[in-house]
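# build me a model from this:
(2 chains)
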Amino acid sequence: MTPRLQVGRALLVAPALLPVVVVVGTGLTATALQSTGLMPLVGRAAPTLDAFRGAAADQDLVRSAVLSLALAGVSTVLAVVVGFLLAVVVLDGRTGGRLVRAAAVATIPVPHVVGAASIGLLLSDSGLVARLTGTGAGGMPQLVAGPWWVATVAEYAWKESAFVAVVVLASLARQHGELAEVATNLGARPFHRLRRVTLPLAAPSLVAAGGIAFAYALGSYEVPWLLGRTAPEPLPVLAYRLLTDLDLTTRPQAAAVGMVTIAVAVVVLAGTAALLRTTPRSS
Amino acid sequence: MYGGDARGNSYVDDVLAPAAAELGVRLRRVPVADTQDALNRVLTEIQAGRDDGAVDLVWVNGENFRSGQQAGAWLCGWSDRLPSTRYLDPDDTLLTEDFGTPVEGCESPWHQAQFVIAYDSDDVADPPGSVSELLDWAEANPGRLTYPAPPDFTGSAFLRQALYDLGGGVASVPSAYPGSRSADITEPLWDRLSQVAPSLWRGGETYPRDLAQLEDLYREDQVSFTMTYGPSTLEQLVRDGTFPAGTRVLPMEGGTLGNASFLAIPANASDAAAAMVVADLALSPEQQLAKADPAVWGQYTVLDTQLLPPDVAAGFAALPSSDVVPPFARLSEGALPELSAEWVAPLEEGWRERVLGR
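Numbers count the residues shown, from 1 in each chain, chains lettered A, B, ... in the order given. All right, here's what the predicted structure looks like:
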């Protein structure tokens, strides 16, 4: 690529890139400064790691981090598997496929907070499912605010599987039909077609969409707040409680928890990028 | 202001805002889920050095007022000069101190409130008369009691009410935070609350995240008790069928917590003068009477009814009575003074450590 072409490309993406860099950059800088004592609300600025130590010692930071990783990990795996299967159903091209595609597309614009409220109405002790099945408050398993965070994972898995399905479908649109036909003509059974054609073609978009879904689930506040339990708290819930704590001295700890969340997300996204490089490109 | 109370919202939009408009002030209500959100916005603005703040007036009290004072976030020296203050009892400590923090002209009184615990008389034959009897009841009826997890406002108030009841009453629990001595005072509270936890809803392993969720549980008949710092809402909830018809306020022998809430102006407000006009209007006898009507909002007045013009005083006397909630004079009998705001954070932290993390 010639230098001139590169400048041209940079100019083209600038309108999209600039606001992101300014907004996210400012937020990240402020969080980093607050977590290291360089931007205190009261008192003088001095570099310190007290906020991190405090968060680790008083707030069960490690337990929160493990919980957040588990929630995001399990829901991402579910979303990727279900999303891929949905895409396969759509590619099959029957009426059911069209319905699934419509359902997936309709799910995308639903905000997570609305999704979480709906899951709550569906799965809570006296929710729709409990009423339809006639189980009273005692008979219903504890899905909302229960020990296994079922409702939280279900919400992420449902919303993100639709996202994964749409991304996979978009990436397969061009080549999949022809290659699948060729494979069929060469005698491939449906399972082999799935294994040798669809899955390799979909792999890059599955990895990319999975990475995005994971980062989202890791940093999202409203879903575990609405559907989770009081303790332990996922990282974003912990950060928000510390940020709004009456004791203003916990605000740096909130920023520290934010930095930990960001660090975990960056590691995962870097891993995703590395995985993408090793996945064979389809072209 | 807190936007989760439909009648509060419609009082401000339909009664207070038009009256303010007549005085030439456009009052725009901005709902927040929690007053901390409004304070947080002000603090963030101040931290960023902005002096044209987006927030002009905040409905606030207690711990949020104190947090704001700590950071110099409130405009001071104005509220004691409002014309309507002539109807206030100047010696009422409820109005000169906000949870132990001196008001010092930094906020103007708006409502009085009384903490109440309510029960469903169809479930509870012999209503308990104190928090310790309530906890005994929970052990006899496992799974039928819970309270919102602090730092929820109502859950935090329940902790303070329980501290008075279990810690030996007003005589042994000082309003000012006693520092290192506090551990002795709170010990019985943590002991009893963690002891009773397995008998609470969901075995005390999780708690309703806020009052709204506790009210859902009560409405769905999963628990037999709910609680609130705004008892007048109960009447409305029973009347519209949300709460069971048998809902009654628990008569508490030792009295319950009482407080006043206020309107404060952020130090960086862009329209401080207009905000003062609204604060004075909100304190005027006519507005205080209008919002005291249970059909409008049902918020108890901060004014001294003996100092009021006769027609307004007669209006207060003529307010309708309720089966669910006793009149304010009965509710506030032997009212317990609110603990200093410095108590709140250690109590919430102690609860998290000793009761939740048991």
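# need the residues of chain B near chain A, please.
Contact residues (C-beta under 8 Å from any C-beta of the partner chain) of chain B with chain A: B:34, B:36-37, B:40, B:43, B:47, B:63-64, B:66-67, B:70-71, B:149, B:151, B:202, B:205-207, B:209, B:220-222, B:341, B:344-345, B:348, B:352, B:356-357. Where you see a C-beta, it was placed from the backbone N, CA and C, and this is true even at glycine.
# what's the burial count for the residue in the stretch 1-150 of chain A positioned nearest to chain B?
Distances between the stretch 1-150 of chain A and chain B by C-beta to the nearest C-beta are smallest at A:S126, namely 4.2 Å. Residue neighbour count, defined by other C-beta atoms under 10 Å in any protein chain shown, stands at 18 for A:S126.
# ok, it touching B:E220?
Yes. Here A:S126 lies in contact with B:E220, judged by C-beta atoms under 8 Å, at a distance of 4.2 Å.
# the helix or strand bottoming out on mean pLDDT in chain A: what's the following helix or strand?
Every helix and strand in chain A was compared by mean pLDDT, DSSP states H and E; the lowest is helix A:50-58, with a mean of 86. Tracing the chain past helix A:50-58, the next element assigned as helix or strand by DSSP states H and E is helix A:61-92.
# what angle sits between that next one and helix A:50-58?
Taking axes from the mean of the first three to the mean of the last three C-alpha atoms, to 10 degrees, one finds helix A:61-92 and helix A:50-58 inclined to each other by 90 degrees.
# next one: helix A:61-92, is it in contact with chain B?
No. Legend: contact between helix A:61-92 and chain B by C-beta under 8 Å from any C-beta is lacking; minimum distance shown is 10.4 Å.
# which positions in whichever helix or strand comes after that helix come out as buried?
For helix A:61-92, the succeeding helix or strand toward the C-terminus, using DSSP H and E, is helix A:95-107. Buried positions in helix A:95-107, judged by neighbour count with 16 or more other C-beta atoms under 10 Å in any protein chain shown: A:97, A:100-101, A:104, A:107.
# which neighbouring elements make contact with the following helix or strand past helix A:95-107?
For helix A:95-107, the following helix or strand on the C-terminal side (DSSP H and E) is helix A:112-123. With contacts taken as 3 or more C-beta pairs under 8 Å, 6 or more residues apart in numbering or on different chains; DSSP states H and E, helix A:112-123 sits against helix A:128-133, helix A:150-172, helix A:222-227.
# nearest to B:S180, out of those?
helix A:222-227 (34.5 Å; C-beta to C-beta).
# what's in contact with the closest one?
A:71, A:112-113, A:115-117, A:119-120, A:144-145, A:149, A:151-152, A:155-156, A:217, A:233-234, A:236-237, A:240, B:209 (C-beta atoms under 8 Å, 6 or more residues apart in numbering or on different chains).
# send me that helix as PDB with only the CA atoms.
This file holds the C-alpha atoms of helix A:222-227, laid out as PDB (Å, rounded to 0.1, in the frame of the first residue of the first chain):
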ATOM      1  CA  GLU A 222     -27.400  -4.000  34.800                       C
ATOM      2  CA  VAL A 223     -27.900  -7.700  34.100                       C
ATOM      3  CA  PRO A 224     -26.200  -9.100  37.200                       C
ATOM      4  CA  TRP A 225     -27.600  -6.300  39.300                       C
ATOM      5  CA  LEU A 226     -31.200  -7.200  38.300                       C
ATOM      6  CA  LEU A 227     -30.800 -10.900  38.200                       C
END
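# ok, which stretches of the stretch 1-150 of chain B are helices?
Assignment of helices within the stretch 1-150 of chain B using DSSP state H, counting those that start in this stretch yields the ranges B:6-11, B:17-22, B:35-47, B:62-70, B:93-96, B:131-140.
# could you dump these to a markdown table with distance to B:T186, mean pLDDT and mean neighbour count?
Below are the helices of the stretch 1-150 of chain B laid out as a markdown table (distance: least, C-beta to C-beta, whole Å; pLDDT from 0 to 100; neighbours: other C-beta atoms under 10 Å in any protein chain shown):
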| stretch | distance to B:T186 | mean pLDDT | mean neighbour count |
| --- | --- | --- | --- |
| helix B:6-11 | 33 | 91 | 17 |
| helix B:17-22 | 43 | 96 | 14 |
| helix B:35-47 | 23 | 90 | 19 |
| helix B:62-70 | 17 | 90 | 23 |
| helix B:93-96 | 24 | 86 | 16 |
| helix B:131-140 | 14 | 96 | 18 |
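# does A:P236 touch A:T261 like I think?
Yes. A:P236 is within contact range of A:T261, at 6.6 Å (criterion: C-beta under 8 Å).
# report the set of residues contacting both of the two.
Here A:P236 and A:T261 share the contacting residues A:68, A:219, scored by C-beta under 8 Å, 6+ apart.
# what about A:V129, how many neighbours?
16.
# how far away is it from A:L123?
Separation of A:V129 from A:L123 (C-beta to C-beta, to the nearest Å) stands at 6 Å.
# for B:L356, same thing?
From B:L356 over to A:L123 (counting by C-beta to C-beta), the distance is 23 Å.
# and stretch B:59-78, end to end?
Using C-alpha to C-alpha, to the nearest Å, one end of stretch B:59-78 lies 16 Å from the other.
# ok, B:G105 - contacts?
So B:G105 contacts B:76-81 (C-beta under 8 Å, 6+ apart).
# kindly give a single ChimeraX line that selects the buried subset of those residues.
The ChimeraX selection below is limited to those of these classed as buried (16+ other C-beta under 10 Å):
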select /B:76,78,79
